[in-house]
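Chemist: Next one to model:
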Amino acid sequence: MTPAPHPDHGLEELCEPASTLYQRALREGHVPSADAANAPCLVDLGLLHPAVDDLDRLEPVAPSVALHRLLRGAGERIAAERRREERLTELFEPLLRVETPGMRTDTPTINVLLSNKRTNQAITEAMATASQELLSVQPNCEYGTENGRLTHSIAMDRDQALLDRGARIRTLYQATTLHQPLVFARYEKLSGDAEARFLDEVTDRILIIDRTVAFISDRTRPTGSDIALEIRQPAIIAYFVSTFERLWQLATPMYPQSVHRPSLNGVTPRQRAIAALLVEGHTDAVIATRLGMNVRTARVHIAKLAATLGSESRAQLGYLIGQSGILEPESESGQRAGREPSAPEG
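Modeler: Purely as a prediction, here's the structure:
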């Protein structure tokens, strides 16, 4: 079985296996290289290094030497930031004297962000001063791609820093993302008041920070563009928050306590979501897009639904869906009675 990857962290957040092994190396003078398999960060961070005469042995760097090196690096970073401040002040000083009639001096209520890099930078800046709440909708989480893993890593650092300040995080996911292990792994790593729920259909991706700023994708641009909008207009933010709260009440809990959505007459919750779109007359491709799955998966669910209801044609399937009562709202008592804690339905 492949061991879990070692989490990335800095020296100020030294993991428990690394701390224990480093202390042992200091007491004994060295440790076998094999013993560092669960703490590769010690070598990466420069606290252990291979012995010159035996590469299978790791020797510790003296704590005083390591501390001096790290503090020197921190001092250099602070000095670099001060030099950057001086350069920026020098650059903008003559520009501040230029007066342009009609130019706004307040923060724009809607700002266009032209790349993923600029969007992440703007989100990071907004999160750095946040202290209350982050609301987000995540229709798809492409953690399997290199860009997705990088985005996930950046978001983890931002989210944990926000939680450390006593804030709350609530996230809505699309049901199809629940099959991605990193979705659950992120909550196992986060420490603080974080909750997650899921729906078969959600809105486009949105982040609402402290109910004062929101970030959304600009869907008016060509498909595939990375353009996003930073919105600070209070009325629009209030609308986003109201929409989120309504979706949150309809969603199924997945963390910290997951809830199983019951089948009804042999029809699973996923199949009920597909059935609702079928009776609206949507094609397989549209259904797949709306529910965040590929067309082949959608057709497999449709075939199972047809078999369960005894349908022999598409037209008959729509009729049988209507007659079966599977789309009728569940009573409040029925919802409570049918739900028991377990892993979310896939």
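
Chemist: The closest residue to Leu327 other than its chain neighbours in helix, strand or coil?
Modeler: When the adjacent residues along the chain are set aside, Leu327 lies closest to Ala276, with 5.7 Å between them (C-beta to C-beta, 6 or more residues apart in numbering). The way it works is simple: take the backbone N, C-alpha and C, and place the C-beta from them, glycine included. When the structure is split into helix, strand and coil by DSSP: H, G, I helix; E, B strand; the rest coil, Ala276 lands in helix.

Chemist: same thing with Arg272?
Modeler: helix.

Chemist: related to what we said a few turns ago, roughly how far apart are the residue nearest to Leu327 and Arg296?
Modeler: Computed with C-beta to C-beta, to the nearest Å, the distance linking Ala276 and Arg296 is 20 Å.

Chemist: same deal with Glu230?
Modeler: For Glu230, the distance to Arg296 equals 37 Å [C-beta to C-beta].

Chemist: Neighbour count for the two, which is higher?
Modeler: For the pair Glu230 and Arg296, the greater number of neighbours falls to Glu230 (22 against 9), based on other C-beta atoms under 10 Å.

Chemist: Tell me what the more buried one is bridged to.
Modeler: Counting by DSSP bridges, Glu230 is bridged to Asn111, Phe215.

Chemist: my read: it touches Val213, true?
Modeler: Yes - in terms of C-beta atoms under 8 Å, Glu230 counts as a neighbour of Val213; the distance is 6.5 Å.

Chemist: Now the common contact residues for those two.
Modeler: In the contact map built from C-beta atoms under 8 Å, 6 or more residues apart in numbering, the residues linked to both Glu230 and Val213 are Ala126.

Chemist: can you pull the pLDDT of Arg339?
Modeler: Turning to Arg339, the model gives it a pLDDT of 38.

Chemist: What of Met103?
Modeler: pLDDT recorded at Met103 is 58.

Chemist: Quick one: the helices in the stretch 1-150 of the chain, in order.
Modeler: Remark: helices of the stretch 1-150 of the chain, listed N- to C-terminal, are 16-28, 41-44, 63-95, 116-128, 146-164; assignment by DSSP state H, counting those that start in this stretch.

Chemist: Name the stretch among these that sits most buried.
Modeler: Relative to the other members of the helices of the stretch 1-150 of the chain, helix 41-44 carries the highest mean neighbour count by mean count of other C-beta atoms under 10 Å, namely a mean of 19.
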